[in-house]
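Mind folding the following:
(one chain, ligands or ions: 1)
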Amino acid sequence: MPRTLIVHYSRSGHTARLANVLAEELRQRGHEVVTEAICAEREWGKWLLPIPLLPLLPVLPLYLASSRFRRFWHRHYYQPQQAIRPLVNPDVSGFDLVLVGTPKWLYPSYPVARWLDTVRGLQGRRMASFATFCGPPLEVFEIEMLFEPLEACLRSRGSVPVGRLAISSDHHEYFFFNEMRGLFRWLSRKAFGRPLADFTLDGEIGQAQIKRFGDEIDDAMCRARPG
Ligand SMILES: Cc1cc2nc3c(=O)[nH]c(=O)nc-3n(C[C@H](O)[C@H](O)[C@H](O)COP(=O)(O)O)c2cc1C
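Residues are numbered from 1 along each chain as shown. Purely as a prediction, here's the structure:
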């Protein structure tokens with residue numbers, strides 16, 4: 001029975017809900033699951049949060065157009081961090097598998113970036129990452145922008161990424177009248193011909209993604225088993 005830690009940060013509850021669903025899914029698959037919520041020492045105000053992300057804006061067209069530029073950007077961009085409260089599991093070396101969950105704040109959220117810098121025992125650890133973001137699973141703007149830097153960071157700490165899961169929350173704090181959510185709902189229809197609701201935790205594709213993620217993890221754990 002794999003010993004699995006599911007750790008997450010959530011500002012408005014969506015990633016927390018996904019973490020609970022994953023805990024249930026993995027328990028049903030025979031994992032012994034321990035959960036931990038990362039808590040920010042102090043939550044930042046809504047209008048302060050995006051300020052460190054602004055450097056991407058002027059180069060966003062280039063970022064979207066060029067995979068070479070994206071590789072460059074992911075190596076050099078500034079990843080903000082936020083102070084977090086002391087961890088219940090500061091050393092994860094006792095776990096066979098660690099799942100880390102974050103909301104997408106363009107990149108991994110700031111408290112999760114701090115967790116990655118703080119936690120011990122990542123060396124040799126199998127890790128899977130999961131995230132919520134407002135939009136549909138746009139390959140470059142959502143998936144690559146979030147998971148490439150996150151998994152590069154995991155690898156640089158010696159851990160082995162074995163899976164990723166992205167679920168839409170259909171929720172965005174910006175700007176005044178849900179303009180960002182409106183934009184992502186429109187993009188979902190335009191890019192996928194489907195309503196954004198399909199990609200949420202309660203949607204058809206969201207549900208299928210949970211199962212696929214569980215299978216991906218189980219395969220990786222089977223391959224890791226000696227003999
Ligand atoms: C600073 C900031 C940046 C965000 N960037 C994105 C983004 O790039 N793409 C996206 O779809 N949603 C983005 N969102 C929306 C969140 O990812 C989304 O609401 C998420 O599901 C919130 O998770 P939580 O409820 O666990 O905090 C952003 C939100 C914040 C606060």
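
can you pull the contacts of residue 159?
Residue 159 sits next to 98, 122-127 when contact means C-beta atoms under 8 Å, 6 or more residues apart in numbering. All C-beta atoms are positioned from the backbone trio N, CA, C, and that covers glycine.

Hmm, I typed the wrong one, I wanted residue 135.
Going by C-beta under 8 Å, 6+ apart, residue 135 touches 141-142, 168, 184, 187-188, 196.

By neighbour count, which of those wins?
For the contacts of residue 135, the largest number of neighbours (other C-beta atoms under 10 Å) sits with residue 168, at 26 neighbours.

okay, the host helix or strand of residue 164 in CSV with CA atoms only?
Using DSSP states H and E, residue 164 maps to strand 160-168. What follows is strand 160-168, C-alpha atoms only, in CSV (Å, rounded to 0.1, in the frame of the first residue of the first chain):
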residue,chain,number,x,y,z
VAL,A,160,10.7,12.4,-10.2
PRO,A,161,7.5,13.9,-11.7
VAL,A,162,5.1,11.1,-12.5
GLY,A,163,1.8,12.9,-13.4
ARG,A,164,-0.1,16.1,-13.8
LEU,A,165,-3.7,17.1,-13.5
ALA,A,166,-5.4,20.3,-14.5
ILE,A,167,-9.0,21.1,-13.6
SER,A,168,-10.9,24.3,-14.4
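
Could you look up the SS state of the spatially most central residue of the chain?
With distances taken as C-alpha atoms, centre = their mean, the chain has residue 131 as the residue nearest its mean C-alpha position (2.9 Å). With DSSP: H, G, I helix; E, B strand; the rest coil as the basis, residue 131 sits in strand.

Run through the contacts of residue 135 and flag the ones next to the ligand.
142, 184 (C-beta under 6 Å from any ligand atom).

taking the contacts of residue 135 one by one, which sit in helices?
184, 187-188 (DSSP state H).

hmm, back to that, by neighbour count, sort out the buried ones in the contacts of residue 159.
Among the contacts of residue 159, those classed as buried by 16 or more other C-beta atoms under 10 Å are 98, 122, 125-127.

Would you mind giving these as a markdown table with pLDDT, secondary structure and distance to residue 225 added?
Shown next, in a markdown table, are these (pLDDT from 0 to 100; DSSP: H, G, I helix; E, B strand; the rest coil; distance: C-beta to C-beta, whole Å):
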| residue | pLDDT | secondary structure | distance to residue 225 |
| --- | --- | --- | --- |
| 98 | 98 | strand | 17 |
| 122 | 98 | coil | 21 |
| 125 | 97 | coil | 15 |
| 126 | 97 | strand | 11 |
| 127 | 98 | strand | 17 |
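
Surely residue 7 is in a strand?
Yes. Residue state for residue 7 (three-state DSSP) corresponds to a strand.

correct me, but it touches residue 89?
Yes. Using C-beta atoms under 8 Å, residue 7 is in contact with residue 89, at 7.1 Å.

Thanks again, I'm all set now.
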